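A.B. asks: Provided below are the primary sequence and the corresponding predicted coordinates.
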Amino acid sequence: MESEFGGGRAPSLRRPSARRRVNVRCVPAVRYIRKTGYKIYSRYKEHGLFALTDRSRRPVRYANQLPQQVESLIVNLKRDKPHWGARKIRELLIKSQPPLIETKR
């Protein structure tokens, strides 16, 4: 297992030397939490070395992001009337597209 991991992303998963018997749970030099180690190892078993490369930390979705249809309507309105502000555009969209936008009042 050690040769497959190499010295890259997961150095803490290397086995201790064969000369010493070490209880891994008691050694403070081990730099991973057990749960994280098992998570990384299971990823490796499922997907191989490719799973150990760095993954994007970008969120999958954004909580306050508008639907694509509404966003494109706003962008088009702003492109046509650059001097209009957010309040005016919002009120216009609420009047013209009631099912697309739900308001919290």
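C.D. replies: Yep, it's here.

A.B. asks: just for this structure, where's the confidence low?
C.D. replies: Low-confidence segments of the chain, defined by pLDDT under 70: 1-32, 98-105.

A.B. asks: tell me the domain boundaries of it?
C.D. replies: 2-52, 63-105 (automatic domain parsing).

A.B. asks: how about the helices in the protein?
C.D. replies: 2-5, 34-47, 68-80, 86-96 (DSSP state H).

A.B. asks: got CSV for those, with mean neighbour count and distance to Y62 too?
C.D. replies: (Glycine included, C-beta is placed from N, CA and C.) Rendered in CSV, the data for the helices of the chain read as follows (neighbours: other Cβ atoms under 10 Å; distance: least, Cβ to Cβ, whole Å):
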stretch, mean neighbour count, distance to Y62
helix 2-5, 12, 34
helix 34-47, 12, 25
helix 68-80, 12, 11
helix 86-96, 12, 18
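
A.B. asks: any chance of TSV for these, columns distance to R57?
C.D. replies: What follows is the helices of the chain, written out as TSV (distance: least, Cβ to Cβ, whole Å):
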stretch	distance to R57
helix 2-5	22
helix 34-47	15
helix 68-80	23
helix 86-96	30
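
A.B. asks: next one: T36 from S42, what distance?
C.D. replies: Noted for T36: a distance of 11 Å to S42, by Cβ to Cβ, to the nearest Å.
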